[in-house]
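>>> here is my input, please return the structure:
(one chain, ligands or ions: 1)
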Amino acid sequence: MTDEQHLWSGRFASAPDAAVFRFQASFAFDRRLFEDDVEGSLAWAEALARAGVLSAADADAIREGLSAILEAGRGDPAFFEGADEDVHAFVERKLIERVGDVGRRLHTGRSRNEQVSLDLRLYLRRRLPLVQRDVAGLVDALAGRAAAAGATLMPAYTHLRRAQPVLAAHFFLAHAAALRRDHARIGAVMDETDALPLGSGAVTGTSYPVDVEELARRLGFSRVAANSLDTSSDRDFVSSMLHASALVMVHLSRLAEDLIIFTGDEFGFFEIADSVATGSSLMPQKKNPDPLELVRGKTGRVVGRAAGWLTTMKGLPSGYNKDLQEDKEAVFEVEDTVVGSLQALAAVTAGLEIRPADDEAAAGGMLLATDVADYLVHQGLPFRRAHEVVGGIVRDLVAADRNFTSLTPAEWRGYHDLFEADVVQRITARGAVEARTTPQSTNPEAVQAALDETRRWAAAHR
Ligand code: ARG
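Next comes the predicted model:
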């Protein structure tokens with residue numbers, strides 16, 4: 001063991017307690033930032049050279065050393081050995097092993113506090129587009145099912161009670177609409193990461209004349225973080241990433257829940273492909289939607305990470321605190337969970353068989369009541385009056401265990417003389433969706449336009 005075993009050993013008379021050192025070390029998980037750490041150090045070495053802090057020869061040696069480390073570490077898990085405290089200490093040790101004393105000049109004017117913020121920003125900038133691509137993949141799968149559904153009708157629900165007939169395509173596109181908001185929200189998180197923290201030093205800035213504007217350009221940032229004290233503990237971009245991810249999971253969970261219900265025997269609107277279903281070890285007839293249940297279940301851990309992280313942040317005094325190290329496990333676990341869930345759900349969705357429910361089933365019960373009231377309104381009756389008349393019809397039909405489509409023209413007229421002969425053709429499930437007129441409605445032409453637009457969007461974002 002040398003006196004340089006740890007980045008800060010010079011200050012201490014004794015070696016660290018092994019168990020406590022392990023407890024506070026982050027290398028086991030922050031090695032995932034390796035590439036970003038090296039990229040940031042390459043740019044920092046160049047900035048130091050431009051500022052005249054490093055000689056051109058030293059900067060070259062450091063650059064070559066770092067490039068070789070990057071090469072050696074990419075795709076080789078065995079490269080990441082050693083009891084280093086974190087990825088920053090690891091990279092610095094490897095550099096010194098490779099290039100000797102000159103490697104000890106790299107950390108001039110820089111702190112791990114800003115370095116870790118930089119690494120995480122660079123990491124999210126390259127990983128969030130991959131999450132977005134998986135979001136678009138699920139949107140594409142939903143659009144595919146909407147296309148396959150064609151003119152299929154199903155009931156739309158409110159309060160999980162049958163409400164009105166709807167095109168099954170409209171149902172799939174509803175979930176796609178929520179996911180497109182997620183895609184935009186992840187884009188906003190990327191904007192938040194887009195500020196260079198370097199130049200902030202440990203907390204008050206750096207005293208070397210580093211051109212941070214140039215450094216920002218070099219690393220692809222559009223701006224430099226405004227205040228060094230704020231920057232050293234600013235993890236708003238982490239909070240936003242966790243929040244955006246929690247909302248993705250809430251949407252996935254609700255889609256999963258819909259599919260669990262709608263593929264069950266009691267509803268039977270869709271059928272899950274055998275390849276993504278699971279059997280029971282005991283009950284031979286079972287075909288279980290395990291991946292959907294797991295997506296719903298895993299939503300808890302992502303929402304929990306988001307809540308846990310805000311709890312970590314809320315009591316921090318200003319400036320860097322080690323509590324902030326908790327950000328990485330939250331981000332990595334959430335990223336893995338969201339990506340896994342998106343891909344599983346896309347596979348289940350793409351394989352759904354749509355079982356064309358007949359008009360009768362989609363309109364079963366009292367789903368056409370609103371349309372009957374609308375019919376009377378068209379005939380000139382005030383809506384509140386119409387609502388009352390139809391309420392009376394519903395009461396009779398429920399008592400007789402009948403529905404609207406079984407009423408004869410004479411029976412209709414018995415309820416109100418504004419009911420004319422055409423009521424029998426007009427009051428059908430198909431007629432109900434065709435009667436909708438607004439662009440966001442389940443009107444078949446509106447749904448076709450929405451489907452076309454969604455497919456174009458998905459194609460452009462995959
Ligand atoms: N591993 C640390 C983290 O993730 C890096 C920053 C350490 N800074 C410090 N002053 N101990 O936050």
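
>>> element containing the residue of the chain positioned farthest from its centre?
In the chain, residue 410 marks the outermost C-alpha relative to the chain mean, sitting 55.3 Å out by CA atoms, centre = their mean. Element membership for residue 410, per DSSP states H and E: helix 409-415.

>>> how many residues are close by the closest residue in space to residue 80 that isn't next to it in sequence?
Here the nearest residue to residue 80 in space, its sequence neighbours aside, is residue 31; by CB to CB, 6 or more residues apart in numbering that works out to 4.9 Å. The way it works is simple: take the backbone N, C-alpha and C, and place the C-beta from them, glycine included. Here the number of neighbours of residue 31 (other CB atoms under 10 Å) works out to 18.

>>> residue 31 contacts residue 79, correct?
No: Residue 31 lies out of contact with residue 79 (CB atoms under 8 Å); the separation is 9.3 Å.

>>> quick one on the thing from earlier: if I look at the residue farthest from the centre of the chain, how far off is the ligand?
Between residue 410 and the ligand the computed distance is 79 Å (CB to the nearest ligand atom, to the nearest Å).

>>> show me what contacts that residue?
Contacts for residue 410 (CB atoms under 8 Å, 6 or more residues apart in numbering) come out as none.

>>> so what pLDDT did it get?
Per-residue pLDDT puts residue 410 at 96.

>>> go on, residue 11?
Predicted confidence (pLDDT) for residue 11: 88.

>>> that one: how many residues sit nearby?
Using other CB under 10 Å, residue 11 is surrounded by 6 other residues.

>>> equivalent analysis for residue 111, please.
Residues lying near residue 111 (other CB under 10 Å) number 20.

>>> touching, it and residue 201? I think so.
Yes: between residue 111 and residue 201 a contact is recorded at 5.4 Å, counting by CB under 8 Å.

>>> list the residues that contact both of these two?
With CB under 8 Å, 6+ apart as the test, residue 111 and residue 201 reach no residue in common.

>>> where does the stretch 301-450 of the chain get nearest to the ligand, residue-wise?
Going by CB to the nearest ligand atom, the ligand is nearest to residue 325 of the stretch 301-450 of the chain, at 3.6 Å.

>>> three-state assignment of that residue?
helix (DSSP: H, G, I helix; E, B strand; the rest coil).

>>> contacting residues for it?
24, 26, 30, 116.

>>> just residue 249 next, same as before
Contacts of residue 249 (CB under 8 Å, 6+ apart): 295, 298, 299, 302, 303, 337, 338, 341.

>>> which of these fall in strands?
Among the contacts of residue 249, none falls in strands (DSSP state E).

>>> closest to residue 18 among the residues you listed?
Ranked by distance to residue 18 (CB to CB), the contacts of residue 249 are led by residue 337 at 32.1 Å.

>>> my guess is the closest one contacts residue 295, does it?
No: using CB under 8 Å, residue 337 makes no contact with residue 295, being 9.3 Å away.

>>> mind checking which of those two has more residues around it?
Per other CB under 10 Å, whichever of residue 337 and residue 295 has more neighbours is residue 295, with 25 against 20.

>>> pLDDT-wise, which helix or strand of this structure ranks last?
The helix or strand of the chain with the lowest confidence, counting by mean pLDDT, DSSP states H and E, is helix 359-362 at a mean of 71.

>>> which helix or strand lies directly C-terminal to that one?
From helix 359-362, the next helix or strand downstream (DSSP H and E) is helix 369-378.

>>> low-confidence bits of the stretch 301-450 of the chain, can you list those?
Residues of the stretch 301-450 of the chain that meet the criterion pLDDT under 70 lie in 358-360.

>>> give me every residue in the protein lying close to the ligand.
26, 30, 86, 112, 113, 116, 320, 322, 324, 325 (CB under 6 Å from any ligand atom).

>>> switch to 8 Å and redo it
Residues of the chain found near the ligand, taking CB under 8 Å from any ligand atom as the criterion, are 25-26, 30, 85-88, 111-113, 115-116, 202, 320, 322, 324-325, 327-328.

>>> so which of these are in strands?
Among the residues of the chain next to the ligand, no member falls in strands (DSSP E).

>>> how close does the residue nearest to residue 80 sit to the ligand?
11 Å.

>>> with adjacent residues omitted, what lies nearest to residue 353?
With sequence-adjacent residues excluded and distances taken as CB to CB, 6+ apart, residue 353 is closest to residue 271, at 4.1 Å.

>>> just the buried ones from the residues of the chain next to the ligand?
25-26, 30, 85-88, 111-113, 115-116, 320, 324-325, 327-328 (16 or more other CB atoms under 10 Å).

>>> could you list which of the residues you listed belong to helices?
If you go by DSSP state H, those have 30, 87, 88, 112, 113, 115, 116, 327, 328 in helices.

>>> skip the chain neighbours and tell me the closest residue to the fourth one.
By the measure of CB to CB, 6+ apart, the closest residue to residue 112 outside its immediate chain neighbours is residue 88, 4.9 Å from it.

>>> need the contact list for the one you found.
With contacts defined as CB under 8 Å, 6+ apart, residue 88 is in contact with 7, 37, 112, 115, 116, 119.

>>> residues in contact with stretch 65-79: which ones?
With contacts defined as CB under 8 Å, 6+ apart, stretch 65-79 is touched by 34-35, 38-39, 41-42, 45, 80, 91, 94-95, 98-99, 103.

>>> and stretch 330-338, by the same measure?
Stretch 330-338 has contacts (CB under 8 Å, 6+ apart) with 29, 32, 120, 123-124, 127, 131, 134, 238, 241-242, 245, 248-249, 298, 301-302, 305-306, 308-309.

>>> repeat for stretch 155-169
145-147, 149-154, 170-171, 269, 354, 359, 361-368, 370-371, 429-430, 432-433, 442, 444, 447, 451.
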